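In: quick one: sequence and predicted model below, then my questions.
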Amino acid sequence: MSRPLNLWQRILHLIDLSEHVDVEAGAASIKDNVAFRGPNIVILFCAIVIASVGLNVNSIPVIIGAMLISPLMSPIMGFGLALGTNDIDLLWKSLKNLAVMVGISILSAALYFLVSPLDMETPTELLARTNPTIYDVFIAFFGGIAGILEVSRKEKGTVMSGVAIATALMPPLCTVGYGLATLQAHFFFGALYLFFINFTFIDIAAFFGTKYFGYTEVVAPNPRLQRYRKWLVGLLLVAIIVPSVISAVSVIKENNFNRSANAFVRANKNFGKSYIYDYQIHSDNSPKTIELYVAGEEPDDAAYKQVYQSAEQYGFTSQQIIFHLDAAYTNPKGLDENEMVRDMVRNNEERLQLKNNEIAALQTRVDSLLNVIEKNSVPQDELQAEIIAQYPMIEAVVVAVNPASPRMVVAVLTLRHNRTLNLDEQQRLQAWLQVRLHAEQAIVVQNHEK
């Protein structure tokens, strides 16, 4: 009789993957999909254009749809498998196809943004792909783990689609294309940096996944070549991991600075007789800075000292705090708070009176214009009925007084299909309009019904 499992053993049994993984089928699946030609290129081009449109119009559903049909993950997973199994042939094949994939993606996006007629005044979705955070590192790493597990397990599901959406490889490449098309280095290098982080951490996760699942290593024909392959793979791993770690540390520092800066501003919203109504954090500067936009009474030395002391508690120096006092005011009269409030109320009342005077003047002009319009208005319905009774081929009539010359009227006629007024009829109608509306001049414009 077997002994009952304790809690830890039950947990291990629940997460045991050995019965659900087929590494041979997983390796074959990755290798079969690495090749990047034919339909994959056309699908990638279509996905890039769709994603670019989504970024162009700030539509998240469109961007997600593009990521669902994109074949970007295959060469990346192939590269991770090659690192984990010392497969040099697969390594070069994956790198070659990855280069083709990146090149087509960037050029396709650049071409789209060059010819796109859509407005790009507020490219918020594009901007979101230029500033990686620590969350992007986590998403890429755990997305890579989910990806290698999905291709390794016996019963395939829909995980790869979710990984493609979560790791967001396509939007950064589209943003790189936008930066290239518009010659904006911030978009180009920022998005390329985000793509590098996503790519490297997916591959690092895939590398560890292949080792954990026990993928079969490729053995060279002789020991010397085998050592060469291991050295080459090791150098590539170092070339990938070291910059990735540096990038991750940099992103973590930037994230910590942003978090501390936000906490610092919340703690000092009001200082002295001033308050912070807006702020900007520049974590990509050297040194990093915080710009504070201040309103209220201009801070005195004691207020500045209060802010600087608080900044030190959050790890900032006074040189990193930049004040903008455009909305602040001074109190040169030395008034106390009650007198200052009364002075402000008095100034506001004076400004309000000036506004009321402007509104009254504008209302007078509006009333005058309305009187002119009413005096020169024409009875549209009556005129249309009278004119159509004389000329049945007319479908509709619009008569208007020329604002620049009230004694001139213009009649726009809509005639039935293939019907028109001849010159005599047109002149007779103009003369009738002059008499009917007491006008000095009448113009008739003919327009045929569509």
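Out: The structure has been received and is ready for your questions.
In: switch to C-alpha atoms for all contacts and neighbour counts from now on
Out: Fine.
In: show me where this structure has its strands.
Out: 270-271, 274-282, 289-297, 321-329, 394-401, 408-415, 441-448 (DSSP state E).
In: which stretch among those comes nearest residue 21?
Out: Comparison of those against residue 21 by Cα to Cα identifies strand 274-282 as nearest, at 46.7 Å.
In: any buried residues in the closest one, and which?
Out: 274-276, 279, 281-282 (16 or more other Cα atoms under 10 Å).
In: same deal with stretch 311-319?
Out: Buried, per 16+ other Cα under 10 Å, within stretch 311-319: 311, 316.
In: can you pull the contacts of residue 318?
Out: 308, 311-312 (Cα atoms under 8 Å, 6 or more residues apart in numbering).
In: rerun at 6 Å
Out: By Cα atoms under 6 Å, 6 or more residues apart in numbering, the contact list for residue 318 reads residue 308.
In: low-confidence stretches in the stretch 301-450 of the chain?
Out: 327-348, 366-378, 402-407, 417-418, 448-450 (pLDDT under 70).
In: dump the strands of the chain to CSV, plus distance to residue 22.
Out: CSV is the format used below for those (distance: least, Cα to Cα, whole Å):
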stretch, distance to residue 22
strand 270-271, 62
strand 274-282, 48
strand 289-297, 52
strand 321-329, 57
strand 394-401, 77
strand 408-415, 76
strand 441-448, 74
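In: looking at the buried residues of strand 274-282, which one is closest to residue 190?
Out: Distance to residue 190 across the buried residues of strand 274-282 (Cα to Cα) is lowest for residue 282, with 14.6 Å.
In: pretty sure that closest one sits against residue 292.
Out: No - the pair residue 282 and residue 292 fails to qualify as a contact (Cα atoms under 6 Å) at a distance of 11.4 Å.
In: outline the domain layout of this protein.
Out: 18-218, 258-329, 335-375, 380-448 (automatic domain parsing).
In: from those domains, which stretch is densest packed?
Out: Comparing those by mean neighbour count (mean count of other Cα atoms under 10 Å), domain 18-218 comes out on top with a mean of 20.
In: pLDDT on it, on average?
Out: Per-residue pLDDT values over domain 18-218 give a mean of 80.
In: between the domains of the chain, which gets nearest to residue 233?
Out: Nearest to residue 233, of all the domains of the chain, is domain 18-218, at 6.0 Å by Cα to Cα.
In: how far out from the middle of the chain is that closest one?
Out: The chain centroid and the centroid of domain 18-218 are separated by 18 Å under Cα atoms, centre = their mean, to the nearest Å.
In: distance check, the residue nearest to residue 257 when sequence neighbours are not counted against residue 254.
Out: In this structure, residue 257 finds its nearest non-sequential neighbour in residue 283, 6.8 Å apart by Cα to Cα, 6 or more residues apart in numbering. According to Cα to Cα, to the nearest Å, residue 283 stands 6 Å off from residue 254.
In: before we move on, what about residue 115?
Out: 36 Å.
In: ok, now residue 111?
Out: From residue 111 over to residue 254 the distance is 33 Å, taken as Cα to Cα.
In: before we move on, back to that, out of the domains of the chain, flag the one nearest residue 240.
Out: The closest of these to residue 240 is domain 18-218. By Cα to Cα, the value is 6.4 Å.
In: pretty sure residue 177 sits against residue 109.
Out: Yes - taking contacts as Cα under 6 Å, residue 177 lies within contact range of residue 109: 4.7 Å.
In: which one's the longest helix in the chain?
Out: If you go by DSSP state H, the chain has its longest helix at helix 223-267.
In: neighbours around residue 238, how many?
Out: 12 (other Cα atoms under 10 Å).
In: show me what contacts it?
Out: Taking Cα under 6 Å, 6+ apart as the definition, residue 238 has no contacts.
In: that one and residue 231: what is the separation?
Out: Residue 238 is 10 Å from residue 231, by Cα to Cα.
In: which neighbours do these two have in common?
Out: Joint contacts of residue 238 and residue 231 (Cα under 6 Å, 6+ apart) do not exist.
In: residue 186: which of the strands of the chain is closest?
Out: strand 274-282 (13.9 Å).
In: in terms of secondary structure, what does the closest one contact?
Out: strand 289-297 (3 or more Cα pairs under 6 Å, 6 or more residues apart in numbering; DSSP states H and E).
In: grab the nearest non-local neighbour of residue 397.
Out: Per Cα to Cα, 6+ apart, closest to residue 397 is residue 413, 4.8 Å.
In: list the contacts of residue 396.
Out: residue 414.
In: in the sheet, who's paired with it?
Out: Note on residue 396: beta-bridge partners by DSSP bridges are residue 414.
In: and it, how far from residue 389?
Out: For residue 396, the distance to residue 389 equals 11 Å [Cα to Cα].
In: same deal with residue 300?
Out: Distance from residue 300 to residue 389, by Cα to Cα: 83 Å.
In: can you pull out the helices in the stretch 1-150 of the chain?
Out: Remark: helices assigned in the stretch 1-150 of the chain by DSSP state H, counting those that start in this stretch are 7-14, 23-34, 39-56, 60-69, 73-85, 88-115, 124-127, 134-152.
In: for those helices, could you give me a markdown table that also reports distance to residue 198?
Out: Shown next, in a markdown table, are these (distance: least, Cα to Cα, whole Å):
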| stretch | distance to residue 198 |
| --- | --- |
| helix 7-14 | 30 |
| helix 23-34 | 18 |
| helix 39-56 | 17 |
| helix 60-69 | 14 |
| helix 73-85 | 10 |
| helix 88-115 | 13 |
| helix 124-127 | 16 |
| helix 134-152 | 5 |
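In: out of the ones you listed, which gets nearest to residue 183?
Out: helix 88-115 (10.1 Å).
In: what's the closest one packed up against?
Out: Applying 3+ Cα pairs under 6 Å, 6+ apart, we find helix 88-115 packed against helix 73-85, helix 170-182.
In: quick one: contacts of the last one?
Out: Right, the one you point to is helix 170-182. Outside helix 170-182, the residues that reach it (Cα under 6 Å, 6+ apart) are 52, 106, 109-110, 113-114, 126, 129, 187-188, 191, 195.
In: also the first one?
Out: Where contact means Cα under 6 Å, 6+ apart, the residues beyond helix 73-85 that reach it are 30, 33-34, 90-91, 94, 98, 203, 206-207, 210, 217-218, 233.
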